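Participant: Sequence plus the predicted model coming up.
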Amino acid sequence: MLLAALREEVYAMHLELVRWGLVSWTSGNVSGRDPDSGLVVIKPSGVRYEELRPDLLVVVNADGQTVEGTLAPSVDTATHLFLYRRLPRIGGVVHTHSPYATAFAALKRAIPVYLTSMADVFGGPIPCAEYAPVGTEAIGEAAVRFLHSSPVVLLAHHGVLAVGETPTAATRAAVLTEDAARICYLALQMGKPEELPADEVRRAYEFHRSRYGQRNAEAHR
């Protein structure tokens, strides 16, 4: 079986989408790109999450041709492949219709930076791309200009696209997007929250990038 380790990671991240309530029934998908071969592992179309297994994932090449797998790949495969071609730094793409973030997308509204946690992770508002037809490269075209500076973009009238160096990193961005959208929505029901100043957003983002997490394992032994 090709790309066994990447299959396991992509499979595990699909389970995270379910765990965090980001998908319903068969909607949404995760893909991962192997940096050596350029092959992409992606969810098969229309398969329910409880029926999914690593061996059911589909491996496609950069042209979208199936290299390994008996099922049809996700209808969003063209979008994923477009993003991999245009953003060579990424190794994972996640698409969801998570409720709170998609509510902002339905209104074609970016999610403002009301929270320090948003500044830490996203470094600015979560943008919203213009509407584009599903199942084509058009969604990638609409989204990619925002993904050079943000790990996430909302898709007008559609949902969420998140990218990262790995499928795990892209899934983290999708999870934190929904968390931020939910809190922002609740704050908007209670009043008129103020956005963080741009200089504070930049400071928080740089601090988080340089200081957050375990940077020196030896120092903590």
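Facilitator: Yes, it's here.
Participant: State the distance from Thr171 to Asp199.
Facilitator: Using CB to CB, to the nearest Å, one gets 30 Å for the distance from Thr171 to Asp199. Heads up, the C-betas are built off the backbone N, CA and C, glycines and all.
Participant: got it, and Glu206?
Facilitator: Separation of Glu206 from Asp199 (CB to CB): 11 Å.
Participant: what about these two, which has more around it?
Facilitator: Neighbour count, other CB atoms under 10 Å: between Glu206 and Asp199, Glu206 has more, with 13 against 8.
Participant: And the pLDDT at that one?
Facilitator: Looking at Glu206, its pLDDT stands at 96.
Participant: what's the helix or strand for it?
Facilitator: Following DSSP states H and E, one finds Glu206 within helix 198-211.
Participant: For that helix, could you pull out the residues that count as buried?
Facilitator: Buried residues in helix 198-211, defined by neighbour count with 16 or more other CB atoms under 10 Å: 201, 204-205, 208.
Participant: Which elements pack onto that helix?
Facilitator: Helices and strands touching helix 198-211, by 3 or more CB pairs under 8 Å, 6 or more residues apart in numbering; DSSP states H and E, are helix 116-122.
Participant: any residues touching the helix it packs on, and which ones?
Facilitator: 111, 113, 126, 150-152, 173, 176-177, 179-180, 196, 200-201, 204-205, 207-208, 212 (CB atoms under 8 Å, 6 or more residues apart in numbering).
Participant: Can you check what pLDDT the model gives the residue nearest the centre of the chain?
Facilitator: Nearest to the mean C-alpha position of the chain, counting by CA atoms, centre = their mean, stands Ala162 at 2.0 Å. pLDDT recorded at Ala162 is 98.
Participant: Relative to Pro88, which of the buried residues of helix 198-211 is nearest.
Facilitator: Checking those against Pro88 with CB to CB, the nearest one is Tyr205 at 22.8 Å.
Participant: Around the residue nearest to the closest one when sequence neighbours are not counted, how many other residues sit close by?
Facilitator: Leaving aside its chain neighbours, Tyr205 sits nearest to Gly123 (3.8 Å; criterion: CB to CB, 6 or more residues apart in numbering). Counted with other CB under 10 Å, residues neighbouring Gly123 total 18.
Participant: How about the one 4 residues further on?
Facilitator: Neighbour count of Pro127, defined by other CB under 10 Å: 18.
Participant: mind checking pLDDT for it?
Facilitator: 98.
Participant: now do Gln214
Facilitator: pLDDT at Gln214 comes out at 88.
Participant: Surely it is in a strand?
Facilitator: No: looking at Gln214 with DSSP: H, G, I helix; E, B strand; the rest coil, it is coil, so not inside a strand.
Participant: going forward, begin numbering at 36 instead of 1
Facilitator: Let's use 36 as the start, then, which means that last one is Gln249.
Participant: about what we covered before: what's the per-residue pLDDT of the residue nearest to Tyr240 here?
Facilitator: Looking at Gly158, its pLDDT is 96.
Participant: From Phe139, how far out is it?
Facilitator: In this view, Gly158 and Phe139 are 18 Å apart by CB to CB.
Participant: dump the residue contacts of Ser109.
Facilitator: Counting by CB under 8 Å, 6+ apart, Ser109 makes contact with 64, 66, 77-80, 93, 115.
Participant: Just give the number of residues close to Val93.
Facilitator: Val93 has 23 neighbouring residues, counting by other CB under 10 Å.
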